[in-house]
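Colleague: Sharing a sequence plus its predicted fold:
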Amino acid sequence: MHDLCYSPRFITSKSMMERHEVIFPISSSKDASPIDVKPGNASNIHAKKAELFLKTIRKETSKQKGGKEIMKHRYVFQTRSQIDILDDGFRWRKYGEKSVKNNKFPRSYYKCTYRGCNVKKQIQRHSKEEQIVETTYEGVHIHPVEKSTESFDQILRNFITSNQLYNVTAM
DNA sequence: CGGCTTTGACCCGCGC
DNA sequence: GCGCGGGTCAAAGCCG
């Protein structure tokens, strides 16, 4: 049940949304009714909707060696922000940067610094809408949040509460 | 000195 | 096989 430590629910927690302007679904998707949550305007309904959306992404699979399909823990979401790196409470080490085709902004690659924890994330700014930052998480943390600022303790507390409420699924 | 970025090289899968 | 695009490595350098 390491999933307790980190899941899409964490990203979509009400307090996370209060800190960052989160946009669901991502604007490249076909869904006609994006949820654009302004900081300080996040409700449980927003969190619930976003969570439902993330669940659909969650079904993404990838082929492993031998052709076996495995479930990918890969969650993409967008925030509207001047700052590229949103503070999610985990410690990240940058390990690469690449320019991608048809995009004037480079993509940055980060790894979670916790020993043995293999979670990665990619951060990329939109070339069309420059104020939008797209963050991709891959993997599940094997440990709780490391950074513990006062404000973040609150987020963590809410996060744990919502996990207890929603009966978390492992894997 | 330790932890982190930077940055070019390397690697790998895919389409031609 | 080759080149391209994208992901990762790792040496060097920066900074507290």
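Modeller: Cool, got the structure. Note that this is a predicted model, so its numbers are computed, not measured.

Colleague: what's the nearest residue to A:His143 if we skip its chain neighbours?
Modeller: Take A:His143 and drop its neighbours on the chain: the residue closest to it by CB to CB, 6 or more residues apart in numbering is A:Tyr114, 5.1 Å away. C-betas here are computed from N, CA, C, even on glycine.

Colleague: gap between that neighbour and A:Ser127?
Modeller: 32 Å (CB to CB, to the nearest Å).

Colleague: who's more crowded, those two?
Modeller: A:Tyr114 (16 against 12; other CB atoms under 10 Å).

Colleague: tell me the contacts of the more buried one?
Modeller: With contact set as CB atoms under 8 Å, 6 or more residues apart in numbering, A:Tyr114 has these partners: A:90-91, A:141-143, A:146.

Colleague: Endpoint to endpoint, stretch A:109-129 covers what distance?
Modeller: End-to-end distance of stretch A:109-129 (CA to CA, to the nearest Å): 21 Å.

Colleague: tell me the pLDDT at the nearest residue in space to A:Thr135 that is not next to it in sequence?
Modeller: Excluding the flanking residues, the one nearest A:Thr135 by CB to CB, 6+ apart is A:Ile123, at 5.5 Å. With respect to pLDDT, A:Ile123 scores 89.

Colleague: Parallel or antiparallel, which strands does the one helix or strand A:Ile123 maps to pair with?
Modeller: Element membership for A:Ile123, per DSSP states H and E: strand A:120-125. Partners of strand A:120-125 in the sheet, by DSSP bridges, are strand A:106-112 (antiparallel), strand A:132-138 (antiparallel).

Colleague: Count residues in the vicinity of A:Gln131, would you?
Modeller: 11.

Colleague: Counting neighbours, what do you get for the residue in chain A that DNA strand C sits nearest to?
Modeller: Using CB to the nearest atom of the strand, A:Gly96 is the residue of chain A that sits closest to DNA strand C, at 2.8 Å. Neighbour count of A:Gly96, defined by other CB under 10 Å: 11.

Colleague: Alright, I will stop here.
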